[in-house]
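In: Sequence and computational prediction follow.
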Amino acid sequence: MNRTLLGFIRKELTQTLRDKRMRVLLFVVPVIQLTLFGVALSNEVKNIRLVSVFPPGDAVMQKIHDRSIASGWFLPVSTQKVFSDPFELIRSGTADAVLVAPPGGLTRALGRGDAKLQLLLNAMNVIEAQAMESYVSAIVQRTILEDLRLDPPEPSIQVNSRVLFNPGLETAIFMVPATLAMVMIITTMVMTNNAIVREKEMGTFEMLISAPVSPAEVIYGKTIPYVILGMSNFPLILGVAVFVFGVPMRGSLLVLVLAAFAFVCTAVALGTLISTFCKNQQQATLAAFLFLFPMIMFGGLFFPIENMPVSIRWVAYLDPLYHYIGLLRNIMLKGGGHAYVGTHILALGLMALVSVVWSFRRFRTTL
Amino acid sequence: MESISITARGLRRSFGQTVALKDVDLSFTAGHMHGVIGPEGAGKTTLMRLLLGLLKPGAGTVEFSQAGKPVDFDIVRPSIAYMPQQQSLYPDLSVGEHLDFFKELYGIERKAYEVKRDELLEITRLGSFVSRPAGQLSGGMYKKLGLMCALLRSPRAMLLDEPTNGVDPISRREFWELLYRLSDQNILIIVTTAYMDEAERCGMVHLLEQGELVAEGRPRELLMKENVRTFDELFLRRGGHG
């Protein structure tokens, strides 16, 4: 091999592999990620909370409900509360899908030749909604063929879907809030991390810590600007989401701003924490990428969290993107339930607090 | 405000297997200009960082006193300025922006700052480069800017780690003239340097070699005692690299 080229290759490898942190980032983290993703990520939608509304003695409806639960895709919902309006089951977050039998029951309607089964769907997540619709259609078909032994071609039970929160099942309405969250985390977490590490690498950090300033002043001084930048970016990208992509804004703008603030603070605090583990910008960039990748995967952007094994779902619960994407979709598409919004903003706040405290503990005023 | 004296006793610091500083005892007297002289790797930067608490010593202590009375480091810390050896300024910030930033960092009042800023710009002759980014300054100007940032808070002690390293001879001379002016203001100045000719510019020199204090005293007296004409000769005789 060309000796010059060999020299370059050897030098690059020596520089990259010399640091233990780089070896961990390059070889250990990807193995952990791959294992985690392999176990956790699946496009199949499961654990859909289903409520079936039908009069007592409606045998056909009971069959459809039983088949749905037995399929493994659906979970029965037991609720003490009586809902006069089946839509309220979706709006309140009690169920993801509601099967409503026609007046008098599906069995009777079938006898009349007018069996119309209504399916109410929560379409905040379009992928889930489409999956739910196709699952129910398949179950109804199998019930017709295997339990009722009726012959096609004409479906004797017609499933009419009513979609809530995203009636057109528009992918943009579902994807844009999540993309908004992703854009925000890149401009906050990654930038904060890089800015702090750049200070270390440039040598300006030595000047800063030798000055009569407290660690808190250095940390806040480095992070608050990115909270300001993150928040000033928010109206801009929210405007694009609402006015360009037509994402509805059904909840309170103030609550949405509060959620964005909690998220930006968490992302900046996480960026600061990551920076305390990195010596140079190469490590900072790689670390940010290795954090971002699982954050996006577990954030509910592409893969529903409900499908993941329970033992791995905690990874998603520790992911600020999961909480923020949930908040954005809930507030913008659904109007924002108090309990849901409160819980997830609190979760973000806790994450920010833990990250800040941890960063303070790791932040060194010595070289 | 009184100048500050610094005393190091039995200062030791290792990095892995390498001992950078070996049980060094040093006294830096208030109001004087001290030179810590030694070749590359003698332990000069480690000494400066230990004096400032930027590194923790493996053994030994650093004591501070003001008007002859011992004081805690935290009390005198705001009065001690430091100029690190490596590039410690922001290449994309201009001279003026640097001064503004350090004014905020040190919490200097606007009026006092404006007076100090004008005075510093005049003595460093950087007045016409206020809007030039630090990354576009010459080596000498860059060092002057570093010194200006350190001087903004009117320190009573200054620790300058190889401030003239990589600077052309004319800029080096200008820089030393600046230090003499400061020295006249009863400020303790500690300068490390690997340039042996600079040793003679100091009131007191401390010679470091491989982490050990090998000699100290007034420059002339030291040369006479060692029977050499220059510090270069002294180090060459000792087998150093200077």
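Out: Great, that's in hand. Just so it is clear, the model here is predicted, and its values are computed rather than measured. Residues are numbered from 1 along each chain as shown, chains lettered A, B, ... in the order given.
In: who in chain B is up against chain A?
Out: Counting by CB under 8 Å from any CB of the partner chain, the residues of chain B close to chain A are B:49, B:52-56, B:77-78, B:82-84, B:86-91, B:102, B:105-106, B:149. Every C-beta, even on glycine, is put in place using the N, C-alpha and C of the backbone.
In: And the residues you listed, which of them are buried?
Out: Neighbour counting by 16 or more other CB atoms under 10 Å in any protein chain shown classes B:49, B:52-55, B:82-84, B:87-90, B:102, B:105-106, B:149 among the residues of chain B next to chain A as buried.
In: In strands, which of the residues you listed fall?
Out: B:82-83 (DSSP state E).
In: sorry, back to before: in helices, which of the residues of chain B next to chain A appear?
Out: Among the residues of chain B next to chain A, the ones falling in helices (DSSP state H) are B:49, B:102, B:105-106, B:149.
In: picking up where we left off before, tell me the one of the buried ones among the residues of chain B next to chain A nearest A:V45?
Out: Nearest to A:V45 out of those is B:Y90 (CB to CB; 50.8 Å).
In: In this structure the closest one contacts B:A134, no?
Out: Yes: counting by CB atoms under 8 Å, B:A134 is a contact partner of B:Y90 at 6.2 Å.
In: pLDDT below threshold where in chain B?
Out: Filtered on pLDDT under 70, chain B yields the residue ranges B:1, B:239-242.
In: residue closest to the middle of it?
Out: The C-alpha lying nearest the average C-alpha coordinate of chain B belongs to B:L160 (CA atoms, centre = their mean; 1.7 Å).
In: what's that one in contact with, if anything?
Out: For B:L160, the contacting residues are B:82-83, B:147, B:150, B:179, B:189-192, by CB atoms under 8 Å, 6 or more residues apart in numbering or on different chains.
In: run the last query once more with 10 Å
Out: By CB atoms under 10 Å, 6 or more residues apart in numbering or on different chains, B:L160 lies in contact with B:35-36, B:48, B:81-85, B:143, B:146-147, B:150, B:175, B:179, B:182, B:189-193.
In: State the distance from it to chain A.
Out: In this structure, B:L160 and chain A are 12 Å apart, going by CB to the nearest CB, to the nearest Å.
In: joint contacts of B:Y90 and B:A134?
Out: B:97-98.
In: Tell me how many other residues surround residue 107.
Out: Defaulting to chain A. 19 (other CB atoms under 10 Å in any protein chain shown).
In: please go with chain B instead
Out: B:G107: 11 neighbours (other CB under 10 Å).
In: Next, the contact list for it, please.
Out: By CB under 10 Å, 6+ apart, the residues touching B:G107 are A:212-213, B:78, B:113, B:153.
In: wait, which of those is closest to A:R364?
Out: The closest of the contacts of B:G107 to A:R364 turns out to be A:V213 (CB to CB; 13.9 Å).
In: who touches that closest one in this structure?
Out: By CB under 10 Å, 6+ apart, A:V213 lies in contact with A:221, A:365, B:78, B:105-107.
In: In contact with the closest residue to A:Y317 other than its chain neighbours, which residues are there?
Out: Closest residue to A:Y317 apart from its sequence neighbours, by CB to CB, 6 or more residues apart in numbering or on different chains: A:A347 at 7.3 Å. The contact partners of A:A347, taken as CB under 10 Å, 6+ apart, are A:262, A:266, A:317-320, A:322-324, A:326-327.
In: Where does A:A347 fall, secondary structure wise?
Out: Following DSSP states H and E, one finds A:A347 within helix A:338-362.
In: Now that helix: buried residues?
Out: Within helix A:338-362, judged by 16+ other CB under 10 Å, the buried ones are A:341, A:344-345, A:347-349, A:351-352, A:355-356, A:359.
In: picking up where we left off before, of the contacts of B:L160, grab the buried ones for ChimeraX.
Out: Buried residues among the contacts of B:L160 (16+ other CB under 10 Å), as a ChimeraX selection:
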select /B:35,36,48,81,82,83,84,85,143,146,147,150,175,179,182,189,190,191,192,193
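In: Chain B contacts on chain A?
Out: Contact residues (CB under 10 Å from any CB of the partner chain) of chain A with chain B: A:198-199, A:202-213, A:217-218, A:221, A:364-367.
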